[in-house]
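Asker: Predicted structure and sequence below. I'll ask about it afterward.
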Amino acid sequence: MTLLSELALHKQLLKALDKLGFSEATEVQAQAIPEALIRRDLMVSAQTGSGKTAAFLLPILHQILTEEVSTSGTRVLILLPTRELALQTQKNFEMLAAFTYIKSGLIIGGEAFKTSGGYIAQRSGGVDRYAGSAGRSYRERDAGF
């Protein structure tokens, strides 16, 4: 058994995990998080509910919190295959980043293109991470947002 506190994550992430009631890493988290923290490329396959989302979000959040960046703007783009998975990932991101300054945005279909483009233009200087379905994200990019 690996404790999440043993995974060398930023203290604000550990605080969020504690508030959420998580103390033990799942098998996928125990294996993936240390590798992701040293920037190894990973391909992970595991069952639904195994902790995959936290296994990739926690290292992303940790790196945003610990690495100095000379410019502001979006630092992470997460492309997801479906609107539902994008919504789920956004919800998990917000819970894990609850005690940080990190801001995130969501780009998904099912809303007016003009609306989401305006959101991106409005937030582009202040969002650290976007998550979205691939089709809508590419359309936003092609429109210049």
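Answerer: It's in.
Asker: From here on, just use CA atoms for contacts and neighbour counts.
Answerer: Will do.
Asker: Spatially nearest residue to residue 63 (excluding sequence neighbours)?
Answerer: Once flanking residues are discounted, residue 63 sits nearest to residue 37: 7.6 Å by C-alpha to C-alpha, 6 or more residues apart in numbering.
Asker: Was I right to think the one you found contacts residue 61?
Answerer: No. The pair residue 37 / residue 61 is not scored as a contact, 10.2 Å apart, by C-alpha atoms under 8 Å.
Asker: Who has more neighbours out of these two?
Answerer: residue 61 (22 against 17; other C-alpha atoms under 10 Å).
Asker: Confirm that the more buried one sits in a strand.
Answerer: No. Using DSSP: H, G, I helix; E, B strand; the rest coil, the assignment for residue 61 is helix, not a strand.
Asker: For the residue lying closest to it once chain neighbours are set aside, list the residues it contacts.
Answerer: In space, and not counting its chain neighbours, residue 61 is closest to residue 97: 7.2 Å by C-alpha to C-alpha, 6+ apart. Contacts for residue 97 (C-alpha atoms under 8 Å, 6 or more residues apart in numbering) come out as 12-13, 16, 61.
Asker: farthest pair in those residues?
Answerer: The distance between the two most remote of these (C-alpha to C-alpha) is 11.7 Å, for 16 and 61.
Asker: hmm, back to that, how much space separates the residue nearest to residue 61 from residue 12?
Answerer: Look at residue 97 and residue 12: by C-alpha to C-alpha, to the nearest Å, they are 8 Å apart.
Asker: Would you mind checking which helix or strand in this protein has the lowest mean pLDDT?
Answerer: Lowest by mean pLDDT, DSSP states H and E among the helices and strands of the chain is helix 113-123, with a mean of 49.
Asker: Pick out the residue nearest the middle of this protein.
Answerer: With distances taken as C-alpha atoms, centre = their mean, the chain has residue 57 as the residue nearest its mean C-alpha position (4.3 Å).
Asker: Am I right that residue 9 is in contact with residue 64?
Answerer: No. Using C-alpha under 8 Å, residue 9 is not in contact with residue 64, being 11.5 Å away.
Asker: With respect to residue 5, which of the contacts of residue 97 is nearest?
Answerer: residue 13 (9.6 Å).
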